[in-house]
Structures are given as C-alpha cells and as structure tokens.
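**Student:** okay, sequence plus prediction incoming.
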Amino acid sequence: MAGRALVLGGGGVTGVAWEIGMLAGLAEAGVDLTGADVVIGTSAGSVVGALVAGGLDPREMYASQLGPPGTEIPARLSPVTLLRWGLAMVGRRDQQRARARVGAIALAARTVPEQERRKVIAARLDQEQWPERELLITAVDARTGEFVVFDREQGVELVDAVGASCAVPGVWPPVSIGGRRFVDGGVRSPVNADLAAGHDRVVILAPVTASFGARTSPPAGAVLVRPDKAARQAFGRNVLDPAHRAAAARAGHAQAKDEAERVGAAWRGARSEPEDR
C-alpha cells in the first residue's frame, strides 16, 4: 500500500487549533499535507481530519481558529479524572478490558446532555457528509473497550463519528451509535499511528503523545511533529479551554516554519529514516 498518510492526534481544543495552525503554516511554506491519500484522526485530530479530507483550505481553517470560540463549551480535565484513568489502565495486561474500565467512568459521569455536545461538534465541522477521500476516525466502545475505526462505508453520520472520537471520558458524554456508546479514540492511543501501516510517506501531528494505554508504533520512516516549548506554553494548563484556542493556533503556525524542511522532505519521499522532534 503505497501513498501518503496524514495522522492527526488528540489534544483537546488547543490541539485542534495547533494542528490547524501547523497545517496552514506548512502550506504557506510550500508543504501541503492536505493532499494525503488517507487521513487518520483521533479525538481533536478527528475534527481536523474531517475538515482536511473535506477539502477545506488551510487558510480558512486557520482564520476560523483566530476568532471568538463561538459554541465551544469550556471544560476541564481534572486531576481526579486523570488519576481514575491511570488506575483503570496502568499495569493491565488486557488492554481492551482496561479500556472498558475507562468507558465505565465515562458512562457514570455527569456531563452536559449528549445532544448539546453534538451541536458543538456539528459547528466545528461545518459539513454533514463524509468526504470522498479516505478518512479514518477512531473511537472505543465504552462498554466493551473494543477499538473501533469509523469510515464512510459504515453508514455512521460524520458528526457522530467525530463526536465519539472526541468524547473524553469523564468530561463529555459517550456518543450513541447503533445501540452502542462510544468514547474518545485516545483511550487506546492519543495518535493511533499504527493505522498508517503500509503507507510509504507518513506525517504525524501529535499535540499529545503521553498515554496510559499500550504504546502503538508508527510506521517506519514516519515523521512525528510535537508542540515546541512556545506551543506548550500557549496551550496553558487546560487543553479543553477555548480561551487558549487562538494562541495555540498561532503557535502552531509559527512552529511550522521550523518543521517545514524535514516534513517536506518526508512528504516528497526524499528520505526514509524515522525522525522524531
């Protein structure tokens, strides 16, 4: 399976903004990642992935991140919730069962109503139909812990697939699809880059890489881009706070200048050794 894969990881509202800023900045530097043959999105990356696969211009995406947060709902991932995730996941040999424990946390949590959250996701996407380009969106069954990959062939509405991938356990409500409840694909991995296996050119934008779950390996030769110091400062201490969205987008846009050469070389197939910065 030759071709180019763009992998977009999770990282909250600021992760969405940073990825979009990065894409816009890279495009301005002559490296257009939006022409990927397959786009793989997890959590925040599912939002950006849907926009990219849908053909939205990176400049338009970037401009939208610089304006007021609009319908976004401020939230916070508390230390208590993180501790509960850790206790559910760390040291568990059966990763699916461990994910189901995290799903149980999500199912029991008090959150905003599911339909209210769905409106937020719909406003982010500004589109209803799955794009023609291959788009893979990750999620986890909250009851069984099964890892699920949604695409346009399954008959699931795009907004629901993205909403499921963004359903942070303990913060947002699990998403109902076909009689099942789904939570954030980041419960398995914040990146899920192993889904790009077989592609010869892979670029990964990963706002977050730390994980309580099993570590998944990206394909050999993949380029991994993580936020630099300025970007991490722009995120602040709460990646779910829309107030930091514009700063995170600007930080990604600025960082793109430093990443353009190595990302461009990988995208053009000019090198084959893996690189992580």
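**Tutor:** Yep, that arrived.
**Student:** for the lengthiest helix in the chain, the distance to its chain's centre please.
**Tutor:** Looking across the chain with DSSP state H, the single longest helix is helix 245-268. The gap between where helix 245-268 is centred and where its chain is centred comes out at 16 Å by CA atoms, centre = their mean, to the nearest Å.
**Student:** repeat that for stretch 148-162.
**Tutor:** 15 Å.
**Student:** measure it end to end?
**Tutor:** 12 Å (CA to CA, to the nearest Å).
**Student:** check which residues of it are buried.
**Tutor:** With burial defined by 16 or more other CB atoms under 10 Å, the residues of stretch 148-162 counted as buried are 148-150, 152, 156, 158-162. In this view, the C-beta of every residue, glycine as well, is placed from N, C-alpha and C.
**Student:** for it, which outside residues touch it?
**Tutor:** Contact partners of stretch 148-162, identified using CB atoms under 8 Å, 6 or more residues apart in numbering, comprise 41, 46-47, 50, 118, 121-122, 124-125, 127-131, 134-141, 164-165, 175-178, 182, 195.
**Student:** quick check on the residues you listed: which are buried?
**Tutor:** Here, 16+ other CB under 10 Å leaves 41, 46-47, 50, 118, 121-122, 124-125, 127, 130-131, 134-141, 164-165, 175, 177, 182, 195 buried among those.
**Student:** mind checking which of the residues you listed land in strands?
**Tutor:** Judged by DSSP state E, the subset of these located in strands is 41, 134-141, 175, 177, 182.
**Student:** can you put those residues in CSV and add distance to Ala2 and pLDDT?
**Tutor:** Output for these, formatted as CSV (distance: CB to CB, whole Å; pLDDT from 0 to 100):
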residue, distance to Ala2, pLDDT
Gly41, 21, 98
Glu134, 14, 97
Leu135, 19, 98
Leu136, 17, 98
Ile137, 23, 98
Thr138, 23, 98
Ala139, 28, 98
Val140, 30, 98
Asp141, 32, 98
Val175, 34, 98
Ile177, 32, 98
Phe182, 32, 98
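**Student:** just to revisit the earlier point, name the helices or strands packed onto the longest helix of the chain?
**Tutor:** helix 12-28, helix 58-65, strand 201-205, strand 223-225, helix 229-235 (3 or more CB pairs under 8 Å, 6 or more residues apart in numbering; DSSP states H and E).
**Student:** buried sites along the last one?
**Tutor:** This means helix 229-235. Residues 231, 234-235 are the ones in helix 229-235 that count as buried (16+ other CB under 10 Å).
**Student:** just give the nearest non-adjacent residue to the residue nearest the centre of the chain, would you?
**Tutor:** The residue lying closest to the centre of the chain (CA atoms, centre = their mean) is Gly45, at 2.2 Å. Leaving aside its chain neighbours, Gly45 sits nearest to Leu8 (2.9 Å; criterion: CB to CB, 6 or more residues apart in numbering).
**Student:** what sits against that neighbour?
**Tutor:** For Leu8, counting by CB under 8 Å, 6+ apart, the contacting residues are 19, 39-42, 44-46, 48-49, 52, 204-205.
**Student:** rewinding a little: touching, the residue nearest to the centre of the chain and Leu205? I think so.
**Tutor:** Yes - Gly45 is within contact range of Leu205, at 7.4 Å (criterion: CB atoms under 8 Å).
**Student:** nearest residue to Arg101 in space, please, no chain neighbours.
**Tutor:** Per CB to CB, 6+ apart, closest to Arg101 is Ala88, 3.7 Å.
**Student:** check the one you found and give its pLDDT.
**Tutor:** Looking at Ala88, its pLDDT reads 82.
**Student:** repeat that for Glu273.
**Tutor:** pLDDT, Glu273: 42.
**Student:** burial count for the closest residue to Lys119 other than its chain neighbours?
**Tutor:** Spatial nearest neighbour of Lys119, excluding adjacent residues (CB to CB, 6+ apart): Thr71 at 6.5 Å. Look at Thr71: counted by other CB atoms under 10 Å, it has 12 neighbours.
**Student:** one more: Glu116?
**Tutor:** Glu116: 13 neighbours (other CB under 10 Å).
**Student:** that's a strand at it, yeah?
**Tutor:** No - per DSSP: H, G, I helix; E, B strand; the rest coil, Glu116 lies outside any strand segment and is helix.
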